[in-house]
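Visitor: okay, here's the prediction I keep looking at, along with the sequence it came from:
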Amino acid sequence: MKNTLYLECTSGISGDMAVAALLDLGADQSILEHVLNSLPIDGFTIQVSRKKKAGLDVCDFDVILDQENHDHDMEYLHPKHSIKTEGMLQPCHHEHHTHTHGQPHAHSHMHRSLPDILSIIQKADMTCRAKQTATRIFSILGEAEAKAHGTTLNQVHFHEVGAVDSIVDLISVAVCLDNLNITDVIIPILQEGSGTIRCQHGILPVPVPATVNIIEKYQIPLQITNIQGEFVTPSGAAIAAAIRTHGQLPESFRILRTGLGGGKRTYEQPSILRAMLIEPCSSQDDAANTGHIYKLETNIDDCTGEMLGYTMECLLNAGARDVHYFPVYMKKNRPAYQLNVLCSQNDIPKLEQIIYRQTTTIGIRRQRMERSLLPREIKTIQTVYGEIQAKAYDADGCRRIYPEYESVVKICRQTGSAFPDIYRKLQEICCKQCP
């Protein structure tokens, strides 16, 4: 069963917040612990607990490091305690404890390259889908860090995200998503703070360069608030970019379950990530009977007829209600085509993706259109050729029924008869069976 996740990132997103929200949503903690116990790294334990954030009861996910994994080079952040949090370093608001993970591996406070981390992922006892998600998150993060530091993907060494706590956070996100069988993730916008933040490299503006690189490359909508602080960490941005499949919520939906994950940082706005498991209130067939539909429209002046033909096929196969294009003249008297697609709101993201991928357009217009519909139904009719599908509806008090195109074509191919002849015979049969 496909599950749709909506992440409400009004207070940003980070690795530990995402894990906590998914566990609160219902991800199996025992499965997560099994995977983490299989990692070829030691010196950590996890703690899942409840805490209060702005008076709300939220889940807290904490990776507790032993003394060997604690990075004492970063004490400049705080007089006594500091922690590495999702790609940046922040003052610590809780005590560290010394625990051992229980596996005889090399200590893991060293800097790690992307191949080192991908090797850890491949050795973990988790599903292929979870490994793919974790690999994608780290690859996105690696590309962003490499660009920020002017180096290559294989040469970049993760200081913050190479640390044990960040590795555990991001792998945990992948495991929880897989356990919940999340197939679609809706993230409309990331809300970020402002000002500056201190990290290993000094004082940087918010959002930090690695976060900006991810948001820019994957075109995730961003809103900067006036609240001082970093809400979207590089790891959080990488998670969003790796799992986001849609940027728009359905017009109406049911909330099946809700999870709240709390962050470690204390800002004017509490760091809470809300995760919702949702489903649209109506199926695609039900949506066909509503009083509105959406039209996607774009003008294309440098696209061949072959491209448009294949694009139409892809759009119809993906759920478009109708697709058509016609010749127009654009600026500078250029001959072109206008492509129009009729669809439901839920299908807009995937249909736009097809248009951008299969054509040369760089912009699509959207229009919500009111419409009137006659009630209709699809009937199965017995004929001498076998079962066919027919569309029946009432208009002006008269019952009308017509054989569906696909049924007519199928019989024409089987018999070699002409389309008009078969259509006429089937319509007569339909009218007799459904007067």
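Guide: Arrived safely. Nothing here was measured: the structure is a model prediction, and the numbers come from that model.

Visitor: may I have stretch 395-409 as PDB, with CA atoms only?
Guide: Taking Å, rounded to 0.1, in the frame of the first residue of the first chain, the C-alpha atoms of stretch 395-409 are listed here in PDB:
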ATOM      1  CA  ALA A 395     -29.000  14.400 -21.200                       C
ATOM      2  CA  ASP A 396     -32.300  16.300 -21.500                       C
ATOM      3  CA  GLY A 397     -34.100  13.300 -20.100                       C
ATOM      4  CA  CYS A 398     -32.700  11.000 -22.800                       C
ATOM      5  CA  ARG A 399     -30.500   8.000 -22.100                       C
ATOM      6  CA  ARG A 400     -27.400   7.900 -24.300                       C
ATOM      7  CA  ILE A 401     -24.800   5.200 -24.500                       C
ATOM      8  CA  TYR A 402     -21.700   4.900 -26.700                       C
ATOM      9  CA  PRO A 403     -19.100   2.100 -27.000                       C
ATOM     10  CA  GLU A 404     -15.700   3.100 -25.600                       C
ATOM     11  CA  TYR A 405     -13.000   3.700 -28.200                       C
ATOM     12  CA  GLU A 406     -10.600   1.100 -26.900                       C
ATOM     13  CA  SER A 407     -13.300  -1.600 -27.100                       C
ATOM     14  CA  VAL A 408     -14.100  -0.700 -30.800                       C
ATOM     15  CA  VAL A 409     -10.400  -0.700 -31.700                       C
END
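
Visitor: in the sheet, who's paired with the closest residue in space to Met276 that isn't next to it in sequence?
Guide: Nearest non-adjacent residue to Met276, counting by C-beta to C-beta, 6 or more residues apart in numbering: Tyr6, 4.4 Å away. (Each C-beta comes from the backbone N, C-alpha and C, glycine too.) For Tyr6, the beta-bridge partners are Ile186, Met276 (DSSP bridges).

Visitor: mind listing what Tyr6 touches?
Guide: Val185, Ile186, Ile187, Leu249, Ala275, Met276, Leu277, Ile278 (C-beta atoms under 8 Å, 6 or more residues apart in numbering).

Visitor: state the number of residues packed around the fourth one.
Guide: Put plainly, it is Leu249. Residues near Leu249, counting by other C-beta atoms under 10 Å, number 17.

Visitor: and the gap between it and Gly236?
Guide: Per C-beta to C-beta, to the nearest Å, Leu249 is found 20 Å from Gly236.

Visitor: quick revisit: what about the contacts of Tyr6, which one has the most neighbours?
Guide: Ala275 (29 neighbours).

Visitor: in what helix or strand does the residue lying closest to that one once chain neighbours are set aside lie?
Guide: In space, and not counting its chain neighbours, Ala275 is closest to Ala21: 4.0 Å by C-beta to C-beta, 6+ apart. Per DSSP states H and E, Ala21 falls inside helix 15-25.

Visitor: contacts for that helix next, please.
Guide: Outside of helix 15-25, the residues within contact range by C-beta under 8 Å, 6+ apart are 5, 7, 29, 32, 48, 58-63, 85-86, 166, 169-170, 172-173, 176-177, 180, 233, 235-236, 239, 257-264, 271-277.

Visitor: roughly how far is that helix from the heart of the chain?
Guide: 16 Å (C-alpha atoms, centre = their mean, to the nearest Å).

Visitor: begin at 497, not 1, for the rest of this chat.
Guide: Sounds good: first residue 497 from here, last item helix 511-521.

Visitor: what angle separates the helix or strand just after that helix from helix 511-521?
Guide: Downstream of helix 511-521, the first helix or strand assigned by DSSP H and E is helix 525-533. Orientation check (axes from the mean of the first three to the mean of the last three C-alpha atoms, to 10 degrees): helix 525-533 against helix 511-521 gives 150 degrees.

Visitor: I'd like to know which elements the next helix or strand after helix 525-533 is packed against.
Guide: Following helix 525-533 in sequence order, the next helix or strand is strand 540-549 (DSSP H and E). With contacts defined as 3 or more C-beta pairs under 8 Å, 6 or more residues apart in numbering; DSSP states H and E, strand 540-549 has these neighbours: helix 525-533, strand 552-561, helix 660-675, strand 749-758.

Visitor: what is the shortest one packed up against?
Guide: Taking 3+ C-beta pairs under 8 Å, 6+ apart as the contact definition, the neighbouring helices and strands of helix 525-533 are strand 540-549, helix 660-675.

Visitor: with the third one instead?
Guide: Contacting helix 660-675 under the criterion 3+ C-beta pairs under 8 Å, 6+ apart are the following elements: helix 511-521, helix 525-533, strand 540-549, strand 552-561, strand 578-581, helix 610-619, helix 624-645, helix 730-739.

Visitor: hey, which helix or strand in the protein has the poorest pLDDT?
Guide: None of the helices or strands of the chain scores lower by mean pLDDT, DSSP states H and E than strand 584-587, at a mean of 32.
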